[in-house]
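# With the input below, show me the fold.
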Amino acid sequence: MASLFAGKVLVVNNGDRDEVETERELGQALENKVLLLYFGAAGCPRCRRFAPVLRDFFVRLTDEFYVERASQLGLVYVSRDATAQQQDAFLRTMPKRWLALPFGDRFKRELEQRFAVSDVPRVVVLKPNGEVIAGDAVEEISRLGPACFRNWQEAADLVDRNFLLAEDFDDWARRSITDPLRRLKYKVDKRTEAKDEEGKGEAEESS
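Numbering: from 1, shown residues only. Here you go, the predicted model:
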């Protein structure tokens, strides 16, 4: 997939806006992954409604709170923002694992033509070899959520046995920040119960 951006510059969505431009860096960032190309604009009403959905979708597949190991998933933002400031402001609200074309990069137009992008939002899903899995996955992502990735993973022939869901997708929505504390309390309670049972057994033997 790095070949799609060979000779191009991508920007890492961090505070320094580091550039990914060497072949080795691109390979590390994009190879052997399902790649999403997100064509959008912060000023577009439909994009403003969809962007939080896409952010949540991406986080639930890559954040350690939800998964044991981040999925083989990459995303490049291809913006139609009016200004660089608008693009930067939008990216500050999105995951740091996202990559983006620099504002005003003319390669954007080439990508729009290649994937027949006429309106936004649009999410093009690509196999690691560059073949298209889905020409527009906006509706699929909105309707199915992270379950989409399992379909794409099979279509892309990705085999990653270390990719484990922490729990079913339906349960993810009910998870909260206090969940680790609840799990810890459960373990403590179970140990206490076990000790109580041992104490009872010893008392009965001595009597």
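
# From A116, how far off is A70?
Using CB to CB, to the nearest Å, one gets 30 Å for the distance from A70 to A116. All C-beta spots, glycine's among them, are computed from the backbone N, C-alpha and C.

# again, but for R109
In terms of CB to CB, R109 sits 13 Å off from A116.

# now do E140
17 Å.

# Please say which of the two ends up with more neighbours.
E140 (16 against 10; other CB atoms under 10 Å).

# Surely the more buried one is in a helix?
Yes - under DSSP: H, G, I helix; E, B strand; the rest coil, E140 sits within a helix.

# mind checking pLDDT for it?
We have a pLDDT of 97 for E140.

# try L181
Per-residue confidence (pLDDT) for L181: 42.

# change the start of the numbering to 3 and stick with it
From this message on, residue numbering opens at 3, which makes the last subject L183.

# Excluding covalently adjacent residues, which one is nearest to W154?
Among residues not flanking W154 along the chain, V36 sits closest, at 4.8 Å (CB to CB, 6 or more residues apart in numbering).

# my read: the one you found touches N153, true?
No - in this structure V36 lies outside contact range of N153 using CB atoms under 8 Å: 10.0 Å.

# So for the two, which sits in the more crowded spot?
Set V36 next to N153 and count neighbours by other CB under 10 Å: V36 wins out with 24 against 14.

# dump the residue contacts of that one.
V36 makes contacts with 73-76, 127-130, 135, 151, 154-155, 158, 160, as judged by CB atoms under 8 Å, 6 or more residues apart in numbering.

# quick one: low-confidence ranges for the protein?
3, 18-19, 23-24, 161-209 (pLDDT under 70).

# Grab the most central residue of it for me.
Geometric centre of the chain, nearest residue: F60, 2.4 Å, by CA atoms, centre = their mean.

# returning to what we had before: could you flag which of the contacts of V36 are buried?
73-76, 127-130, 135, 151, 154-155, 158, 160 (16 or more other CB atoms under 10 Å).

# V125: neighbour count?
Neighbourhood size, V125 [other CB under 10 Å]: 24.

# Just to be sure, it is in a helix?
No - using three-state DSSP, the assignment for V125 is strand, not a helix.

# Quick check, it in contact with A53.
No - the criterion here is CB under 8 Å, and V125 misses it with A53 at 11.0 Å.

# Spit out the residues that contact those two alike.
By CB under 8 Å, 6+ apart, no residue touches both V125 and A53.
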